[in-house]
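Trainee: Give me a model of this one.
(2 chains)
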Amino acid sequence: MQPILKIDLSSRQIEHYRVPIAWEHDFIGGASLGARLLYSSIIATLDPCSPESPLLFLTGPLTGTAGPAVGRFVVCGKSPATGLWAESNAGGFWGPELRQAGYDGIWITGKADKPLYLWIADGVIEFRDAAGHWGKDTYESQDAIREELGQQGAHVAVIGPAAENGVVFAGIFCDHGRTAGRTGLGTVMASKNLKAIAVRGTGKIPIADPDGFRPIRSEANRMLKNENQSRVIRELGTAGVAEYADYLGSMPKKYFTQGVFDRVEDISGAAMSETILVGNSACHACVIACGRVVRLDDGEKHKGPEFETVVGLGPNLLIGDLPTITKLMELCDRHGMDTISTGGVLGLALLFFEKGILTEKDTNGLKLTWGDAQVVEELIHRIAQRKNIGAIMGQGTRYFARHFNQEAMAVQVNGLEVAYQDPRGVSGMALVYATSPRGACHNQSDYYFVDWGQADPSLGLEYFDRQAGAEKAANVAIHQNWRTVNNALVMCIFANNPPEEIAALVNYACGYKRTLKDLLLAGERAWNLKRAINIRLGLSAVNDRLPQALMQPYLDGNSAGYRIEFPEMLAAYYQARDWDAATGKPTKEKLITLGLEDVAQDIW
Amino acid sequence: MTVMFPSPEWLKALEDKLNSDDRYAQIAKKWEGDILCQIEPDGLLKESLFYYLDLWHGTCRSTAILDAVPEDKPAFILLAPYANFAKILKGELDPMQAMLTRKLQVQGNMALMMRSVPTVLDFVRCAREVTTEILS
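Mentor: Numbers count the residues shown, from 1 in each chain, chains lettered A, B, ... in the order given. Alright, predicted model coming up:
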């Protein structure tokens, strides 16, 4: 591994940190390595927005190579939204650029005495004044910093005004609209007076055996480019699955209370490709190119929305118009807010208003109506600015609902808003949301794909009915382990390559001789380590739950009447994981088997 | 009557089924596009087979066994080794699983395909229902 740049913003001290070889081997990189590195510092008494709070940017061993879909980086820390382990990854070019600059990560602590940004280029590390950039939106500030540096080739990871104002679901943005959106790490960055990190590198990405690596990555890219899932995502974007998700009754509408919305066909990826789409965008060396470029009525090109944003700012709010969704998304991006969480808190506000829990008195005269995009736009501004009702909404749905004594109505798990793959249509997501180490997240396992059929036997996955119950619990655990490997490699989950091929790429990149089983074990190790971090932060078995809305069957749509057998599923999951049913802790024996003796000692 | 896959009788039986099945007629009423099943040889099958079906608004207008992929390409080509087609017809492999795990390649208009997954799944149901025997 290349060194990690350790920077204390308070003292402006810089250190080149070398990761212990054993940790590099056992945790691979990315979020898994991040959990190991931060294990001792993410503790219950740590305020996520204090100077002591760490903010760790990491890449993986494939990042920046010409391998398949490996342009991502991850940010780790403690979440101000959940109080738990936080990780969030983003695509684009920033991660590859950092590795080319000679670093595999940046480990930030402390707090700058005034707003600044970091400029990291080949051999250069500078603290630069950001007073003129503070308050600017994420798109403007990326451009302005590049301009100021005179480096159009630089890649800039920035925060927006929402983070500066303390919105707990503010993200970190780079390469226009590529987003590490979830868990509020932008807010942590803002608390350090750190507006941005600009990077530029021209070095070579280290590969242990380039001759062995080359033919495998070449075949991996050829295969990936031509396989069905990639072709759907390239041609239609991730929202290409919208009609199918709707058909299965796994696309929530009207804040998870409705199974049918008559405008789904107008907001799908297919509809986008037939109307406003004018091009694709891709992360570093990616042959999928899922990014959408659309043209709106202003005649300008804009980033187009992906599935989660389409649903979160569309059917979730009963909005059925793609240009409108695109504009609302851009507003969230510019303010620097996660669209999944923003969609969640907006949906809850509309539901509260419908039920009379929230009135015009609370909203300063704003009448909240489903499908009213102008009202939604106004609320987005108020959230970002923490203005009147927006000040409460900006604390996330859990806080917002508690404020009105309606916590049960918030569709969230452990403080993170549920993503828009409804477990009533794809039941595996029930366990994914309930047990994810960062709250209700769909990227710790995109098990909805397995419920649709992506059950790869080489991983040991079986194919179960999409609404099967406890019998799929062990399958979910395997898939989470595999996606933990993805998040360690910081490899895009849309890289539908044969798992053995990915193992071969890791071996050639790192000089290992590891089997697919070894990689899955590394995934399981990190999954349990993140669990242990959360246990120390106060999480227990009672936190592994689903919100009330998801426990109610839909009354309409293609999943109507289906009730998730959650207690049975969770019991089977605990058994598959070897977790203690009473406390929710991984058993001592399990932790020792995974080589986590120190952790076993800490939590038992 | 025994209907063995693959055979001309099987293709004809499927055509008849698609033209008489009310459920398929309803689900596929918006479908417009011909399909070519390109069945690639493996241990049991010695050479490629090309089964063509012209599907239109819930009916099958014609079928044919071709020698190769025609110059005027059909709207969709479903390509897989014989063993995978056989597994799908036997119900051992879900068609979505086949598409998502690289066992069945789909070429064609993906927008139409993603809007019509229920039609594709019902097409497979019909194919399964006419299959009484499989080359093994």
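Trainee: residues near A:A391, how many?
Mentor: Neighbours of A:A391 under the rule other Cβ atoms under 10 Å in any protein chain shown: 15. Every C-beta, even on glycine, is put in place using the N, C-alpha and C of the backbone.
Trainee: Are we agreed that it is in a strand?
Mentor: No: read with DSSP: H, G, I helix; E, B strand; the rest coil, A:A391 is helix and lies in no strand.
Trainee: Distance check, it against chain B.
Mentor: 41 Å (Cβ to the nearest Cβ, to the nearest Å).
Trainee: and if you look at A:G314?
Mentor: 17 Å.
Trainee: and what of A:I389?
Mentor: For A:I389 relative to chain B (Cβ to the nearest Cβ), the value is 38 Å.
Trainee: Quick check, that residue in contact with A:T363.
Mentor: Yes: the criterion here is Cβ atoms under 8 Å, and A:I389 meets it with A:T363 at 5.1 Å.
Trainee: what's the neighbour count on A:R146?
Mentor: When neighbours are counted by other Cβ under 10 Å, A:R146 comes out with 17.
Trainee: does it really touch A:E140, like I thought?
Mentor: No: if you go by Cβ under 8 Å, A:R146 and A:E140 don't touch, sitting 11.0 Å apart.
Trainee: Just the pLDDT for the most centrally placed residue in chain B.
Mentor: Among the residues of chain B, the one closest to the centroid is B:C37, at 5.4 Å (Cα atoms, centre = their mean). On pLDDT, B:C37 comes in at 97.
Trainee: Repeat that for A:S268.
Mentor: So A:S268 comes in at 95 (pLDDT).
Trainee: Next: A:L118.
Mentor: Per the predicted model, pLDDT is 98 at A:L118.
Trainee: if I've got this straight, it is in a strand?
Mentor: Yes: assessed with three-state DSSP, A:L118 lies in a strand.
Trainee: Now that it has come up, it's in contact with A:R200, right?
Mentor: No: the criterion here is Cβ under 8 Å, and A:L118 misses it with A:R200 at 11.8 Å.
Trainee: thinking again about what came up before, in this structure the residue nearest to the centre of chain B contacts B:F50, no?
Mentor: Yes: the criterion here is Cβ under 8 Å, and B:C37 meets it with B:F50 at 7.4 Å.
Trainee: ok, the helix ranked longest in chain B near chain A or not?
Mentor: As assigned by DSSP state H, the longest helix anywhere in chain B is helix B:117-130. Yes: residues of helix B:117-130 contacting chain A under Cβ under 8 Å from any Cβ of the partner chain: B:117-118.
Trainee: Which positions within that helix qualify as buried?
Mentor: By 16 or more other Cβ atoms under 10 Å in any protein chain shown, the buried positions in helix B:117-130 come out as B:117-120, B:122-127, B:130.
Trainee: Kindly reformat the residues you listed as TSV containing pLDDT.
Mentor: Shown next, in TSV, are the buried residues of helix B:117-130 (pLDDT from 0 to 100):
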residue	pLDDT
B:V117	89
B:P118	91
B:T119	94
B:V120	92
B:D122	96
B:F123	97
B:V124	96
B:R125	97
B:C126	98
B:A127	97
B:V130	96
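Trainee: nearest to chain A, of those residues?
Mentor: B:V117 (4.8 Å; Cβ to the nearest Cβ).
Trainee: about what we covered before: any idea which helix or strand carries the residue nearest to the centre of chain B?
Mentor: If you go by DSSP states H and E, B:C37 is part of strand B:32-40.
Trainee: Likewise for A:S32?
Mentor: Element membership for A:S32 (DSSP H and E) is helix A:30-38.
Trainee: now for that helix, which elements pack on it?
Mentor: helix A:21-27, strand A:55-58, strand A:73-78, strand A:85-90, helix A:473-489, helix A:516-536 (3 or more Cβ pairs under 8 Å, 6 or more residues apart in numbering or on different chains; DSSP states H and E).
Trainee: I'd like those as TSV, with mean pLDDT and distance to chain B appended.
Mentor: Shown next, in TSV, are the helices and strands packed on helix A:30-38 (pLDDT from 0 to 100; distance: least, Cβ to the nearest Cβ, whole Å):
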stretch	mean pLDDT	distance to chain B
helix A:21-27	97	28
strand A:55-58	98	30
strand A:73-78	98	25
strand A:85-90	98	23
helix A:473-489	98	13
helix A:516-536	98	15
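Trainee: Would you mind saying which of these lies nearest A:I14?
Mentor: The stretch from the helices and strands packed on helix A:30-38 with the least distance to A:I14 (Cβ to Cβ) is strand A:55-58; that distance is 14.6 Å.
Trainee: In that closest one, which residues are buried?
Mentor: A:55-58.
Trainee: can I get the CA coordinates of stretch A:141-152 in CSV?
Mentor: Listed next in CSV are the C-alpha coordinates belonging to stretch A:141-152 (Å, rounded to 0.1, in the frame of the first residue of the first chain):
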residue,chain,number,x,y,z
SER,A,141,-16.9,25.7,-5.4
GLN,A,142,-15.5,22.9,-7.4
ASP,A,143,-15.1,25.2,-10.4
ALA,A,144,-13.9,28.1,-8.4
ILE,A,145,-11.2,26.0,-6.6
ARG,A,146,-10.0,24.6,-9.9
GLU,A,147,-9.9,28.1,-11.3
GLU,A,148,-8.0,29.5,-8.3
LEU,A,149,-5.4,26.7,-8.5
GLY,A,150,-5.1,27.1,-12.2
GLN,A,151,-5.5,23.3,-12.4
GLN,A,152,-8.4,22.4,-14.7
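Trainee: And the contacts of it?
Mentor: Stretch A:141-152 is contacted from outside by A:117, A:119, A:121, A:128, A:132-133, A:136, A:154, A:156, A:158, A:160, A:173-176, A:195-196, A:198, A:200, using Cβ atoms under 8 Å, 6 or more residues apart in numbering or on different chains.
Trainee: just the buried members of the residues you listed?
Mentor: For these, buried by 16+ other Cβ under 10 Å: A:117, A:119, A:121, A:133, A:136, A:154, A:156, A:158, A:160, A:173-176, A:195-196, A:198, A:200.
Trainee: Out of the residues you listed, name the ones that lie in strands.
Mentor: In this view, those that belong to strands under DSSP state E are A:117, A:119, A:121, A:156, A:158, A:173-174, A:195-196, A:198, A:200.
Trainee: and chain B, which of these reach it?
Mentor: Restricting these to those near chain B - Cβ under 8 Å from any Cβ - leaves none.
Trainee: For those residues, name the two members farthest from one another.
Mentor: Between any two of those (Cβ to Cβ), the greatest distance is 20.3 Å, for A:A121 and A:F173.
Trainee: Nothing else from me, thank you.
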